[in-house]
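J.: sequence first, predicted coordinates after that:
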Amino acid sequence: MHRQGHLHRYILTMTKEASVSAAWPVLVVDDEASLRHLLRVIIEGAGYPVREAADGHQAIAVLDAEPDIRIVLSDIRMPRMDGMALLESIRERDLRVVMMSAYGSTDTAVAALGKGAHDYISKPFRPDEIRICLSRIVERAQLEAENAQLRKSVGSEAGFEGFVGRSDSVRAVQEVISRAAVYRSTVLLTGESGTGKELLARAVHAGSPRSSAPFVAINCAAIPESLLESELFGHERGAFTGAVRAHAGLFEQADGGTLLLDEIGEMAPPLQTRLLRVLEDGKVRRIGGSKDVGVDVRVVAATARDLDQAVEQGSFRRDLLYRLKVVHVHVPPLRERKDDLPLLAEALMGRAVLRLGREAPVLGADVLRLLEAHSWPGNVRQLENALERAVLMCDGPVLLPEHLPEELRDGVVSVSVEDVPGEDLSIKRHTAALERSLIGRALAQTGGNRTQAARLLEISYKALVYKIRGYGLED
């Protein structure tokens, strides 16, 4: 079965897994029976089955007896075996562990995350904190499973590991790419710089019957017109000054494979005419040559320009555009696919860790909030560079805001009514959510210094302490 069939099977498999993972059993571990009861009410109300244990020893016994448990919500201070000892003893199991404590601090949270905990919640907590935490864990697990299955379906060489996510726009791109890959139709990739167009061009090649043949790429904007013609079509010896030997152009070099023409919108009109002829006839003639050479090349073109507008302005041939956009894929900018940020950040950070030879840190919640607040004008390329810098600066087990580039730490949060769900128009609720987020960011940026945080937030120290208690943000 070809790769397209694999992808369709993958979509069906993921649909089934999503419905199952939503009902993951949760083990609540706490020595206070009243708190276990409260958590049971909250968690079962969110649709998760609940098991209980009063300490670490009981928790291990329950886990041994019920291997279907996937999430553990554990207090830290307990008799016999505390939460940190429990976390250490079950770290090799396939579990998502969330630690809780009324006596915690930033150091405690960092220690828990460093030992493998997926999240940390301070007591007292609000019911929605528990529900959101569980929802994020299940969603992250589903995204990881989908990414792994997708890499297995289309092959890691297809480049989808750099274009991961489950937003509608990403799924649409992946679906079109997987369908188009098995044919020889020309593909036009459009989108802003840094969105991953070359990755997708490689995915087209790797998912095609041409995958064992050459993949050749050229940036049309980086080479002067006179040299670009020679690079693409080749030249014979003596065709021009300096042509001391014959040269096979990229079309000949890519014979049987795929040629990526990046920044096609910058190609000069005379070369557009020659390119059109190759696409129509499947033949090239070297500069200074007297005969045509047949080539079997699948062309993928990419551009950040609006080619329809370029046609209207007379700088791009309309007939060439029609030839190029047999299959047209618009790659969305990162700001339009913010739901994909958690998994994308994890994937890019993993690549940075391999390049740098460092231990993989945990992506802290405060860092993720800063990433989600940024507009990313440089798209995925900018995110990848930011995370590589952060991994380089991080010496501990957790990636923190201070490890990020300054423009991310000092970014201004922009709030738009488009970000608010249409059915929820409560000013009070959304204002509270924004206020809590800003306070959390200010505390993270100042290392927990409330005086400095109050100054950043432009409120009094007393008001900040009151709000910290009200939102459950105490250390």
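T.: That came through, no problem. Residues are numbered from 1 along each chain as shown.

J.: pLDDT weak spots in the stretch 51-200 of the chain?
T.: Scanning the stretch 51-200 of the chain with the threshold set as pLDDT under 70 gives 103-107, 143-162.

J.: for the most centrally placed residue in the chain, what are its contacts?
T.: For the chain, the residue nearest the mean C-alpha position is residue 344 (1.6 Å; C-alpha atoms, centre = their mean). By C-beta atoms under 8 Å, 6 or more residues apart in numbering, residue 344 lies in contact with 164, 165, 380, 383. Where you see a C-beta, it was placed from the backbone N, CA and C, and this is true even at glycine.

J.: regarding it, what is its secondary structure?
T.: Of the three states, residue 344 takes helix under DSSP: H, G, I helix; E, B strand; the rest coil.

J.: re earlier: who wins on neighbours among the contacts of residue 344?
T.: In terms of neighbour count, residue 165 stands highest of the contacts of residue 344 at 26 neighbours, by other C-beta atoms under 10 Å.

J.: strands along the stretch 251-400 of the chain, start to end?
T.: Secondary structure of the stretch 251-400 of the chain (DSSP state E, counting those that start in this stretch): strands located at 258-262, 283-284, 293-294, 298-303, 327-330, 362-363, 398-399.

J.: if you count neighbours, what's buried in stretch 288-303?
T.: Within stretch 288-303, the residues that qualify as buried by neighbour count (16 or more other C-beta atoms under 10 Å) are 293, 295, 297, 298, 299, 300, 301, 302, 303.

J.: my guess is the first one meets residue 252, correct?
T.: Yep, that's residue 293 we're talking about. Yes: here residue 293 lies in contact with residue 252, judged by C-beta atoms under 8 Å, at a distance of 6.4 Å.

J.: what's the overlap in contacts for these two?
T.: When C-beta under 8 Å, 6+ apart defines a contact, the residues bordering residue 293 and residue 252 alike are residue 284.

J.: what segments of the stretch 1-150 of the chain are strands?
T.: Going by DSSP E, counting those that start in this stretch, the stretch 1-150 of the chain shows strands at 26-29, 50-53, 71-75, 96-101, 119-122.

J.: which neighbouring elements make contact with the last one?
T.: It stands for strand 119-122. Other elements packing on strand 119-122 under the criterion 3 or more C-beta pairs under 8 Å, 6 or more residues apart in numbering; DSSP states H and E are strand 96-101, helix 106-114, helix 127-154.

J.: please apply the same query to the fourth one.
T.: Other helices and strands packing on strand 96-101, by 3+ C-beta pairs under 8 Å, 6+ apart, are strand 71-75, helix 83-89, helix 106-114, strand 119-122, helix 127-154.

J.: okay, these, which one's buried deepest?
T.: Stretch with highest mean neighbour count among the helices and strands packed on strand 96-101: strand 71-75 (a mean of 25; mean count of other C-beta atoms under 10 Å).

J.: next, the angle strand 96-101 makes with that strand.
T.: Angle, strand 71-75 to strand 96-101, by axes from the mean of the first three to the mean of the last three C-alpha atoms, to 10 degrees: 20 degrees.

J.: pop the domain breakdown of this protein in here.
T.: 3-142, 156-332, 344-412, 417-475 (automatic domain parsing).

J.: residue 338 is nearest to which of those?
T.: With respect to residue 338, and counting by C-beta to C-beta, the nearest of the domains of the chain is domain 344-412 at 5.7 Å.

J.: before we move on, back to that, let's have the domains of the chain in JSON lines, adding distance to residue 338.
T.: What follows is the domains of the chain, written out as JSON lines (distance: least, C-beta to C-beta, whole Å):
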{"stretch": "domain 3-142", "distance to residue 338": "13"}
{"stretch": "domain 156-332", "distance to residue 338": "8"}
{"stretch": "domain 344-412", "distance to residue 338": "6"}
{"stretch": "domain 417-475", "distance to residue 338": "9"}
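
J.: just put the helices and strands packed on strand 96-101 in TSV and tack on distance to residue 438.
T.: Shown next, in TSV, are the helices and strands packed on strand 96-101 (distance: least, C-beta to C-beta, whole Å):
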stretch	distance to residue 438
strand 71-75	27
helix 83-89	30
helix 106-114	18
strand 119-122	18
helix 127-154	17
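
J.: just so I know, which of those lies nearest residue 275?
T.: Comparison of the helices and strands packed on strand 96-101 against residue 275 by C-beta to C-beta identifies helix 127-154 as nearest, at 28.7 Å.

J.: tell me the helix or strand right after the closest one.
T.: Remark: after helix 127-154, the chain's next helix or strand is helix 168-181, criterion DSSP states H and E.

J.: following that following helix, which helix or strand shows up next?
T.: Using DSSP H and E, the first helix or strand after helix 168-181 is strand 187-190.

J.: angle of the next helix or strand after that following strand against helix 168-181?
T.: Sequence-wise, the next helix or strand downstream of strand 187-190 (DSSP H and E) is helix 197-206. Orientation check (the same axes, to 10 degrees): helix 197-206 against helix 168-181 gives 40 degrees.

J.: the helix or strand following helix 197-206 pairs with which strands?
T.: Per DSSP H and E, the first helix or strand lying C-terminal to helix 197-206 is strand 215-219. Here strand 215-219 has these sheet partners by DSSP bridges: strand 258-262 (parallel).

J.: now the partner strand: how far from the chain's centre is it?
T.: The chain centroid and the centroid of strand 258-262 are separated by 25 Å under C-alpha atoms, centre = their mean, to the nearest Å.

J.: about what we covered before: turn the strands of the stretch 1-150 of the chain into TSV, including distance to residue 275.
T.: As requested, those are arranged in TSV below (distance: least, C-beta to C-beta, whole Å):
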stretch	distance to residue 275
strand 26-29	59
strand 50-53	64
strand 71-75	55
strand 96-101	52
strand 119-122	53
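
J.: no further questions, thank you.
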